[in-house]
Each structure stands twice: as C-alpha cells, then as structure tokens.
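A.B. asks: Using only what follows, build the 3D model:
(chains A and B)
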Amino acid sequence: MTPKNEKLQKILAAIGVPLRVYIGVVFIAASLFKIYEPYQFALSVATYQMTPLPLINVFALALPWVELVAGVLLIVGFWTRANALLISAMMLMFICALSIALSRGLQMSCGCFASQDAADEIGVHTLLRDFGWLAITLYILIFDNGRFGLDGLLERRRKSHA
Amino acid sequence: MKKLVFRALIIVAVSLVAAFFTNLLRPEPLAWVANAPYNIYSDCPETAQHALLLKIENVERERDFFVDARRPEQFEAGHIPGAFLLTYDSLFPADKSKLKEIKDAAGGWRIVVYGDAPGAKLLADDLFSQKLGTVYYLEGGLEAWQKAGYEVEK
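C.D. replies: Next up, the predicted model:
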C-alpha cells in the first residue's frame, strides 16, 4: 500500500468514527424500549402483518438484543465491519417491511422507537430516514475497519507482541 | 466476507442467549411462541363513545367475530356462519358469562354486531361500554351481508 493510499484510508476510517457512534446510539436507543416492553413491540411486529404468528414473539424478543449488542459493539469498534454488515441487513429488512406496509396503505406507528403516537406514523419520511441510515452503515462497512476502535487497538497489540 | 458473516452470526447467537435469559428473569415472561393472534386494530377507542359503524365492504370475513342480536327463530332461519347468538333485550342486560364467552371467542379480533335496528346498534354500544374490545355495528345487517353475495348458515 502506498503512503498516499494509507493516508486516504486513515481519513476515511476517521470519518467513520462519528458515523459509527451515531448509528450505534440510534440502535441502542431503538432497542431499550423494545427490551423493556416486549409485548408492545410484538404488537408492533404483528401490526405489519408480515410475520407468521408463531414467529412474532421470537422476533420481538430476539431483535432488540441484536440491535443492542450490535449498537454497543459498533460504538466501541469491536468487529466493526461484521457489526456494520449485520446492521445493514437489519436496515434492509426494515426498509422492505416499511415499503410493503406503505404500499398496503397501513396507517400505523413505525414501532422503531418508544413512541407509538401519530407523530411516529410511517410514511415516506420514515423510508428516507432508513435509507439514510443504510447509506451510513454501508460507508462504515466499506471504509471503517475499526482502526480507531477496539479492532485497531487489538491489531496493534497483536503486532507489537509478534 | 465469510469471516464477516461468521462474526455477524456469533453476534446474533450471543444476542439470542441474552434475550433468552432476560425473558426468563421477567416477572411475566413473554411466551416465545404467541398462542393467540394480536389485536392490531385500534380505532381510537379513547375518543369513541359508542360502537363504530362498519360497512359491508370493510368486513374481514375470516377474522371478524360476528354477534347476532336478533331473536332465536330469526337466527335459526339463517345467520352469518360462525355467528354467536346474543338476542338484544332492552329490559335485561346481557348475561356476563355470555359476554366472557364472546370476548374469549373473539380472541382480540373485531366484534361485529348485526341484526335489526335499533336493537343491534344498542347491543353493540352495550358490548362496547362493557369493554369487550373493538366493537362494530354492521350497517345493513344480514341483508347487506346477503346482498354482498356471502353465504348464510342455517
């Protein structure tokens, strides 16, 4: 790798740090209410009318924990790209669910965060927001290898021991 | 890429374990498999003062739970398949055990009352006020049902 490329990669990874923290905080914030109130989240999942009944509770219990763990690990920069991959997959899933719900004309709360009121009702703005978050996560996946996080720290330690 | 997917799966597995134990620690754990459908309809119950009006084109035949407010002989002559007979009586309130039966049978889905006006509408309002769930009054009753081409059970 040329020094110029190395410098560019460093800059791109450094830009990824605040983005990583931002997405991590979003996912942690999204997970807390769902973990605290699994029944309410299960109801939100059911409202989308896409998940078969036997899977609604499994989904409602497991997904918030995946969001929380992935969010925390993304902030500290541990397995950064694997987390970014996981969050991208989740964002894609949310975008698909929202698109189908919108195309069906469902009037409902997004179920993304704690709020269940009309202000949280799904719409094109929700979809655009999710596309924005997906773009940020893809940036992290491609350009941030966690060099400014635990990944980088562990890598440097491994090299110094070698 | 293989390594990334493998790590992502490990994160999912760790999250599942955390989810399992957190749920176990809840005073009332949520069943991993739902045993009854969720009531996903909420027609502003906080603002509604009485049962809501339901047009025949908005009926969901497979999901809605029907209550027939007419007299038994009318019910015998023909009713909506699977309907529950609860004759409206202006002098006596509906039997509590029957109300519970309706609530349990509806399983959280919409309760749609039909029959002759104004009795059926009054019964729908009564069921609504007794907090049986989301209660509707079918506009046009059995006649509208038949006009829509739906079958009648005898």
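
A.B. asks: Could you report the neighbour count for B:K3?
C.D. replies: Residues lying near B:K3 (other CB atoms under 10 Å in any protein chain shown) number 10. For glycine as for every other residue, the C-beta is placed from the backbone atoms N, C-alpha and C.

A.B. asks: can you tell me which residues contact it?
C.D. replies: Residues near B:K3 by CB atoms under 8 Å, 6 or more residues apart in numbering or on different chains: A:A82.

A.B. asks: Now do the helices in the chain.
C.D. replies: Let's take chain A. Under the criterion DSSP state H, chain A contains helices at A:3-36, A:38-47, A:53-76, A:80-103, A:124-143, A:150-161.

A.B. asks: I was after chain B.
C.D. replies: Under DSSP H, chain B gives helices at B:2-25, B:72-77, B:96-106, B:119-129, B:141-147.

A.B. asks: Present the ones you listed as a markdown table; the columns should include distance to A:F78 and mean pLDDT.
C.D. replies: As requested, the helices of chain B are exported to a markdown table (distance: least, CB to CB, whole Å; pLDDT from 0 to 100):
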| stretch | distance to A:F78 | mean pLDDT |
| --- | --- | --- |
| helix B:2-25 | 10 | 91 |
| helix B:72-77 | 66 | 93 |
| helix B:96-106 | 49 | 85 |
| helix B:119-129 | 54 | 87 |
| helix B:141-147 | 61 | 92 |
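
A.B. asks: Show me what from chain A comes close to chain B.
C.D. replies: Those residues of chain A that sit near chain B, judged by CB under 8 Å from any CB of the partner chain, are A:35, A:38-39, A:42-43, A:46-47, A:49, A:53-54, A:56-58, A:60-62, A:64-66, A:68-70, A:73, A:79, A:81-83, A:85-86, A:89.

A.B. asks: what residue is smack in the middle of chain B?
C.D. replies: Closest residue to the average C-alpha location of chain B: B:W109 at 2.0 Å, with CA atoms, centre = their mean.

A.B. asks: mind pulling up the phi and psi values for it?
C.D. replies: Per-residue torsions, B:W109: phi -80, psi 180 (degrees, to the nearest 10).

A.B. asks: Distance check, it against B:E62.
C.D. replies: Computed as CB to CB, to the nearest Å, the B:W109 to B:E62 distance reads 10 Å.

A.B. asks: List the buried residues in the helix or strand bottoming out on mean pLDDT in chain A.
C.D. replies: The weakest-scoring helix or strand in chain A, judged by mean pLDDT, DSSP states H and E, is helix A:38-47 (a mean of 84). By 16 or more other CB atoms under 10 Å in any protein chain shown, the buried positions in helix A:38-47 come out as A:P38, A:F41, A:A42, A:L43, A:S44, A:V45, A:A46, A:T47.

A.B. asks: For the residue positioned nearest the centre of chain A, which non-adjacent residue is closest in space?
C.D. replies: Centrality entry for chain A: nearest residue to the mean C-alpha point is A:I87, 3.8 Å, by CA atoms, centre = their mean. For A:I87, ignoring the flanking residues on the chain, the nearest one in space by CB to CB, 6 or more residues apart in numbering or on different chains is A:T137 at 4.9 Å.

A.B. asks: contacting residues around that neighbour?
C.D. replies: Shown in contact with A:T137 (CB under 8 Å, 6+ apart): A:I23, A:A84, A:I87, A:S88, A:M91.

A.B. asks: With pLDDT added, can I get these in TSV?
C.D. replies: Shown next, in TSV, are the contacts of A:T137 (pLDDT from 0 to 100):
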residue	pLDDT
A:I23	95
A:A84	94
A:I87	95
A:S88	95
A:M91	94
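
A.B. asks: pLDDT weak spots in chain A?
C.D. replies: For chain A, applying pLDDT under 70 flags the ranges A:1-3, A:107, A:114-120.

A.B. asks: let's see it at 50
C.D. replies: Filtered on pLDDT under 50, chain A yields the residue ranges A:115-119.

A.B. asks: Please work out how many residues are found near B:E76.
C.D. replies: Each residue near B:E76 was counted by other CB under 10 Å, and the total is 11.

A.B. asks: Run through the residues that contact it.
C.D. replies: B:K154.

A.B. asks: repeat for A:F148
C.D. replies: Contacts for A:F148 (CB under 8 Å, 6+ apart) come out as A:A13, A:A14, A:G16, A:V17, A:G77.

A.B. asks: List only buried entries from the residues you listed.
C.D. replies: Among those, the ones that count as buried by 16+ other CB under 10 Å are A:A13, A:G16, A:V17, A:G77.
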